[in-house]
Each structure stands twice: as C-alpha cells, then as structure tokens.
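Novice: this one's sequence-less:
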C-alpha cells in the first residue's frame, strides 16, 4: 500500500494518545459516582446511599446519551450534574457543580496514562514541520483534558485541539472534521486522521474525504463487515510505515 503524504496529522485522544480504559467504562462510572458521593458526604450533605446514588446518576445521564447518539449533539457531565443535584435536594451555588465534577473525575485522572510511544511519534511529525491536531469525543469539560495534555507534555506538540464537549458536536459529524482541517490550514484531503474507533475515526473523516488510519485497540470489538483494506496500526510507533513526510 502506497504511503500517504499528508500536510497535517490529526489524532483522537482516548485509546490513541492516552489510555483511559484501564478498567471498563461501567466500572469507571461506578468509581466516579462513588468519588463524587463521598465528596458530598464529606462536605456535610445528606446524600443517597452509594448504590442508589450511582443508579440515579446513571439514569439521569441516559436520555442525554441517547439524544447524543441520535443527533451527534454533544452533552457533558456538568450539564447532567446540575439538575441531578437539585433533584436530590442540594442547593447548587456558584462553583458547586465544578467542584462536584472534580470529585467525580478524580478516579479517571488517577488511572489514566500516556502511551510510551505517544511523545516520540508526535515529535517525529512535528520535526518534519507538519501541523498536529486533536479531535476528541468527550463528555468531560475541556479543562480536564487540557490539564492532562499539560501533565503528559503533549500540549506543546499540538497546534490545535477540538473537544466535542466544547464544540457541541461529536464524531462522526462531518463539521468537526471540516473544522479541524480548517484549523490545520489545509483541505480535509490533505490531512490524515488517526483513531481507534471505526465509525467515529474512520467513517467520520472518510465522509469529508479525509484519509484515516485505525489504531486497532486490543480487546475492542470492531464491526465484522469492516472493510479489510483499512490502514491499521497497533501502536503509534508504526505510523511512519504509512506516512511519507
């Protein structure tokens, strides 16, 4: 397969540059709810017992998730948290939802890690003078991810980053990819997108003419009818095998 000659490279975040799925998302959601509940209890608030708190918060998120999957209009955890906290009888004042979210996100922040070849790969691209971008689906506020990108020294290597929780649309919506190519200063056809999910990271960019490479994640279930000729890598260190830059 002939190598691609992009003028910009754009990456997904989770399971591409940083690993968030150290445990299953179901388990992570439980840990996050428990952390947030413990914070509320330690602050002196009367809150439901742990299992009920988790169930009620997951129920509160359900309609937001469903609507986003159908419309590709993004939601975020603080958006759900405010009415949920009022529903369980808590007065929501300035800054309260932000502090609740920080407690909720603490298990994610504790468990995630950067892949060992992330920085070397980004530096290899940057050293060849190409813009590097990021497009991430996330229901977490951008500030949480900016903190991680700084922590892992990724931020200085990026020319731009788009988070669906800020952009308000999620992959595979075409506008998020068009906006990314505009920020890169080139056409979609002159970019390469790298991500770990088929619909969001292959079908999405391909829909606007943007070539894409699947970073195949071990344990991820991919559609059985996924085309066999998709460019694939197992690790970011394999990316130079597909790029002539």
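Specialist: Thanks, I have the structure now. Everything numeric here is computed off the predicted structure, so don't read it as measured data. Numbers count the residues shown, from 1 in each chain.
Novice: which positions in stretch 92-110 come out as buried?
Specialist: Buried residues in stretch 92-110, defined by neighbour count with 16 or more other C-beta atoms under 10 Å: 96, 97, 100, 101, 102, 103, 104, 105, 106, 107, 108. Bear in mind the C-beta positions are built from the backbone N, C-alpha and C, glycine included.
Novice: could you export these as JSON lines, including secondary structure?
Specialist: Below are the buried residues of stretch 92-110 laid out as JSON lines (DSSP: H, G, I helix; E, B strand; the rest coil):
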{"residue": "96", "secondary structure": "helix"}
{"residue": "97", "secondary structure": "helix"}
{"residue": "100", "secondary structure": "helix"}
{"residue": "101", "secondary structure": "helix"}
{"residue": "102", "secondary structure": "helix"}
{"residue": "103", "secondary structure": "helix"}
{"residue": "104", "secondary structure": "helix"}
{"residue": "105", "secondary structure": "helix"}
{"residue": "106", "secondary structure": "helix"}
{"residue": "107", "secondary structure": "helix"}
{"residue": "108", "secondary structure": "helix"}
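Novice: okay if I get these as TSV plus pLDDT and distance to residue 121?
Specialist: Putting these into TSV (pLDDT from 0 to 100; distance: C-beta to C-beta, whole Å) gives the following:
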residue	pLDDT	distance to residue 121
96	96	40
97	97	36
100	98	36
101	98	31
102	98	30
103	98	33
104	98	31
105	98	26
106	98	29
107	98	27
108	97	23
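Novice: ok, so of these, who is nearest residue 16?
Specialist: When those are compared for distance to residue 16 (C-beta to C-beta), residue 108 wins out at 16.2 Å.
Novice: can you tell me which helix in the protein is longest?
Specialist: Longest helix in the chain by number of residues (criterion: DSSP state H): helix 50-71.
Novice: what packs against that helix?
Specialist: Helix 50-71 is packed against helix 25-42, helix 77-87, with contacts defined by 3 or more C-beta pairs under 8 Å, 6 or more residues apart in numbering; DSSP states H and E.
Novice: what residues does stretch 10-26 touch?
Specialist: Contact with stretch 10-26 is made by 28, 31, 108, 111-115, 118, 122, 132-138, 145, 148, 152, 154, 180-181, 184, 191-197, 200-201, 205, 210, 215, 217, 220, 236, as judged by C-beta atoms under 8 Å, 6 or more residues apart in numbering.
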